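**Q** What follows is a protein structure lacking sequence information:
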C-alpha cells in the first residue's frame, strides 16, 4: 500500500517520494481531490510562503479533501509548511488565516532577540542542522534518539495553544516547537527527507504505522 | 543549537565531476552520484554542484545529474552555474535541487532575485558573490568589489552594499567567495567574511582559499560564517569531512557528528 504525497506545486516533492521509496515503501504524488479522498495515508510537504501554499491548495480544490481526510482519522504527516498551515493563523504578510485544525499561531523568529549571553543577531532563515529535544513519548519518534540533528529551513515557527501535543522542541534564540503529534496527525518543522539516515528512519516509522 | 555546516563543492562539467574524489573506495571519480554518496556517508551537511558546462545546449545534462543524485542522497543540494531565468530554477528544483545559486544573472538584473524569491521562496535562493579587495585608500576602511563571469569581470559594485541589497530583494543565503584567496590555499579572507556576515541577517557561506582544517575553523569563528565550503581539501583526500568535523568539535565549534 502506498503513501500519497500531496503535490501542489510548492517545493521539492521528489525527495519526499524517493525517501519513502528508499525505505521500502511505495509513494506516489497526488493532486486530484478524489486521490486525496482515496489515499490511505497522506503527506503534505512544502517550503515557501504560507499564503501561496493555501492559495495553491485552494485553486487545486484540495483544501476540503485534506480537512475531511484528517477529520476522518487518516494518517497524516505534515512537513514544514505542511505543519504550519494546520494552525489557526500566521503572522506572515500581516495575518493570514490557516486551516485551524490545530489551535495556535505561526510566528516569525526575531532577529534582534539575544541568544543567551551573546547579543549577536539571529540569522533568518533558521537554516541547517539543529537538535531536537523530546518532550513526550511519541511512536513516530521511537527510533530517533533524543538530541538527534535534523535539517531545518524556515523563518516562522509554530506556537500551539495545547502543550500536550508538543513532541519535540529545538533551540534557536527561543525554544520553539519542532514537531507535534495529535491523534492521527504527526507534523514536523524539520525536513526528514533532507536529514539523511535519521530522517529516513522517521519516514519509515510513519509509513509502518500508517500502512 | 544550530550546527555550523561543512559543505563540499563539486565542479560538474558535461555531467562529469571535474577533480572528483581521488579515493580507492570510489568506483568512478567522475560520477557525481558516486561522489555525492561518498560525501553523504562521510557526514557532509550539504552539497554544492557548480555546473561549469560551457555550451548552453549541454546544460540540460545537469538536470539528470541532480535527479539521479536526489534519488540516492537525502541531504540539501544546491546547484549553481549558468542560471539565467525562472525556468532554469524551476527545472532544477523539480529535478530535486533544494537551492539554486545565482551569480552573474543577479548582477545583470537584480530584480531577477526578487522575482525568484517571490516565486520559489527565499529559502531556495542563494546569491553567490565573488569579491575582490580594492586598493585601500589612506584612512579609509577596506572595501571589496563584486566580480562576475568566474571572477574575470569587475562590476564596480561594492560587495557589502551588494550583499545588503541581495538580502533586501529576498536572497535566503549568501555564498561568498574571495577571489583573492580562491585557489591559493592561504585560508579564507576572514575580514571579508566577517564584514559581510555582520552586514546581513541571512546565513553566509565562506568560500575560497581553504588549505588546512584550521582555515575552516577560522572561517567559522573569526570569520563568523554560518557554513564553510571547500573543494580541493576534500577532493584530494587531504582531509575527510569526518576528520574536519572532529577537529572543529574539539575546538568548541558546534558541528553535527
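**A** All right, it came through fine. The structure presented is a predicted model; accordingly, all values stated were derived computationally and were not measured.
**Q** and whichever residue of the stretch 151-257 of chain B sits closest to chain A, how many neighbours?
**A** Of all residues in the stretch 151-257 of chain B, the one sitting closest to chain A is residue B:256 (4.2 Å; C-beta to the nearest C-beta). Where C-beta positions appear, they are placed from N, C-alpha and C, glycine not excepted. Residues near residue B:256, counting by other C-beta atoms under 10 Å in any protein chain shown, number 24.
**Q** List the residues that contact it.
**A** A:129, A:149, B:3, B:43, B:45, B:245 (C-beta atoms under 8 Å, 6 or more residues apart in numbering or on different chains).
**Q** Show me what counts as buried in stretch A:47-57.
**A** A:47-54, A:56-57 (16 or more other C-beta atoms under 10 Å in any protein chain shown).
**Q** what's the residue lying closest to residue B:59 once chain neighbours are set aside in contact with, if anything?
**A** Of all residues not flanking residue B:59 in the chain, residue B:53 sits nearest, at 5.4 Å (C-beta to C-beta, 6 or more residues apart in numbering or on different chains). By C-beta under 8 Å, 6+ apart, residue B:53 lies in contact with B:12-15, B:59, B:61-62, B:81-82.
**Q** same question for stretch B:230-245, mean pLDDT?
**A** Confidence over stretch B:230-245 (mean pLDDT, whole number) is 92.
**Q** what sits against the closest residue to residue B:232 other than its chain neighbours?
**A** The shortest distance from residue B:232 to any non-neighbouring residue, by C-beta to C-beta, 6+ apart, is to residue B:19 (6.9 Å). Residue B:19 makes contacts with B:11, B:231-232, B:235-236, as judged by C-beta under 8 Å, 6+ apart.
**Q** could you list every residue that touches residue A:109?
**A** A:122, A:124, A:126, A:155-157, A:172-174.
**Q** Please report how far it lies from residue A:132.
**A** 17 Å (C-beta to C-beta, to the nearest Å).
**Q** before we move on, what about residue A:50?
**A** Taken as C-beta to C-beta, the span from residue A:50 to residue A:132 is 23 Å.
**Q** Summarise which helices and strands the helix or strand hosting residue A:37 is packed against.
**A** Here residue A:37 sits within helix A:33-38, counting by DSSP states H and E. Counting contacts by 3 or more C-beta pairs under 8 Å, 6 or more residues apart in numbering or on different chains; DSSP states H and E, helix A:33-38 packs against strand A:3-6, helix A:63-71.
**Q** Just the buried residues of that helix, please?
**A** Within helix A:33-38, the residues scored as buried using 16+ other C-beta under 10 Å are A:33, A:35-36.
**Q** Any idea which residue is closest to the centre of chain B?
**A** Nearest to the mean C-alpha position of chain B, counting by C-alpha atoms, centre = their mean, stands residue B:175 at 4.9 Å.
**Q** Next, it: secondary structure please.
**A** Here residue B:175 is strand, with the state taken from DSSP: H, G, I helix; E, B strand; the rest coil.
**Q** Pairing partners for it in the sheet, please.
**A** Under DSSP bridges, the beta-bridge partners of residue B:175 are residue B:128, residue B:205.
**Q** Could you verify my assumption that it touches residue B:100?
**A** No - the pair residue B:175 / residue B:100 is not scored as a contact, 10.8 Å apart, by C-beta atoms under 8 Å.
**Q** and for the two, which residues touch both?
**A** Residues within reach of residue B:175 and of residue B:100 at once, by C-beta under 8 Å, 6+ apart, are B:78, B:80, B:126.
**Q** how far away is residue A:156 from residue A:81?
**A** Residue A:156 sits 9 Å away from residue A:81, going by C-beta to C-beta.
**Q** Spell out which residues are contacts of both of the two.
**A** Shared contacts of residue A:156 and residue A:81 (C-beta under 8 Å, 6+ apart): residue A:50.
**Q** Which residues are in contact with the most centrally placed residue in chain A?
**A** Residue closest to the average C-alpha location in chain A (C-alpha atoms, centre = their mean): residue A:79, at 2.4 Å. Residues in contact with residue A:79 (C-beta under 8 Å, 6+ apart) are A:16, A:43-46, A:187-188, A:191-193.
**Q** So for residue A:105, what's the nearest residue that isn't a sequence neighbour?
**A** Going by C-beta to C-beta, 6+ apart, residue A:105 has residue A:159 as its nearest residue, at 5.0 Å.
**Q** Help me confirm that the one you found is found in a strand?
**A** Yes - membership of residue A:159 in a strand is supported by three-state DSSP.
**Q** I figured it hits residue A:106, correct?
**A** Yes - the pair residue A:159 / residue A:106 is scored as a contact, 7.4 Å apart, by C-beta under 8 Å.
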